[in-house]
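Q: Quick one, fold the following:
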Amino acid sequence: MSGKAIIVFALAAGVVASALVFDGVSYRHSGNSGQTTSQDRGTTPGQSDPGQSPEADAGSQAQSEAAQTGAAAQPIVVPAGTTLTVRLGEELGSRISQVGQSFSATVDRDVVVDGQTAIPAGAMVNGKVTFARPGGSLVADPNLQLKLTSVNVNNADLSVVTSTRSFGLVITGKKKKVGRFMKGLLKHGTVGCQFTTTPELCQDLVGKAAGKDKEVFLADRSAYSFTLRQPLQIQ
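A: Predicted structure coming up:
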């Protein structure tokens, strides 16, 4: 073989070897890039699994949101014995109010249960007059009794059962009997404290006969407390 042929053969072999080396490097780079892309797809936060359908992904998200909503919608229970202080929205009294009459009020301060505000101050409240007796009787003082019937929370009127608040005094027992005796004496025009062993009661009854008894009067915006007798559940 001539020297020129040897040179040509060597050059051809070198070109082939260079092509093989370049192709191998390119193949390895392509494989590494594909592997990195695949790993990135599997580990990128918030990216859906390529094998999971869009419908399944949406369903999973809906279940997660429903679980969160359910946890947030747990009811608050205000236990029996809780004090509910309200401020009247109108005047009430032993003479001006009637049995069965409704009245309005607002919650005077927040009712808090386990660190959560169950009933906010300013919430509307309804109540009822359960007893009203004006003054003027010799055997009983004027008396007014009230209770709450509902409270508005989250735009819903919730029924409540509270204690009954009584305003005024009630004459019972021995004082009631003495009162009847004094009433008879007054009817016949004879009044004297010597007819009873309780001079204070005698003076009180004489005062009633003279029209000095005072009516029970609760002013508008005055505040009073009531006690829940049954638990109150708030959604």
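
Q: Domain map for this protein?
A: 76-168+216-234, 172-213 (automatic domain parsing).

Q: and those, which is most packed in?
A: domain 76-168+216-234 (a mean of 16; mean count of other C-beta atoms under 10 Å). No exception for glycine: its C-beta is placed from N, CA and C like everyone else's.

Q: will you turn the domains of the chain into JSON lines that also has mean pLDDT?
A: JSON lines is the format used below for the domains of the chain (pLDDT from 0 to 100):
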{"stretch": "domain 76-168+216-234", "mean pLDDT": "95"}
{"stretch": "domain 172-213", "mean pLDDT": "51"}
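
Q: give me every residue that touches residue 116.
A: By C-beta atoms under 8 Å, 6 or more residues apart in numbering, the contact set of residue 116 is residue 76.

Q: Next one: it from residue 105, what distance?
A: 23 Å (C-beta to C-beta, to the nearest Å).

Q: Residue 214 now?
A: Taken as C-beta to C-beta, the span from residue 214 to residue 105 is 24 Å.

Q: same question, residue 161
A: In terms of C-beta to C-beta, residue 161 sits 16 Å off from residue 105.

Q: Next: residue 126.
A: Computed as C-beta to C-beta, the residue 126 to residue 105 distance reads 8 Å.

Q: Between those two, which contacts overlap?
A: The contact lists of residue 126 and residue 105 share residue 148, where a contact means C-beta under 8 Å, 6+ apart.

Q: which residues touch the residue nearest to residue 129 when sequence neighbours are not counted?
A: Using C-beta to C-beta, 6 or more residues apart in numbering and skipping the chain neighbours, the partner closest in space to residue 129 is residue 101 (4.4 Å). Contact partners of residue 101, counting by C-beta under 8 Å, 6+ apart, are 128-129, 132.

Q: Closest one to residue 234 out of those residues, please.
A: residue 128 (21.4 Å; C-beta to C-beta).

Q: Please report the distance of the closest one from residue 75.
A: From residue 128 to residue 75 the distance is 26 Å (C-beta to C-beta).

Q: Next: residue 123.
A: Note on residue 123: its distance to residue 75, by C-beta to C-beta, is 17 Å.
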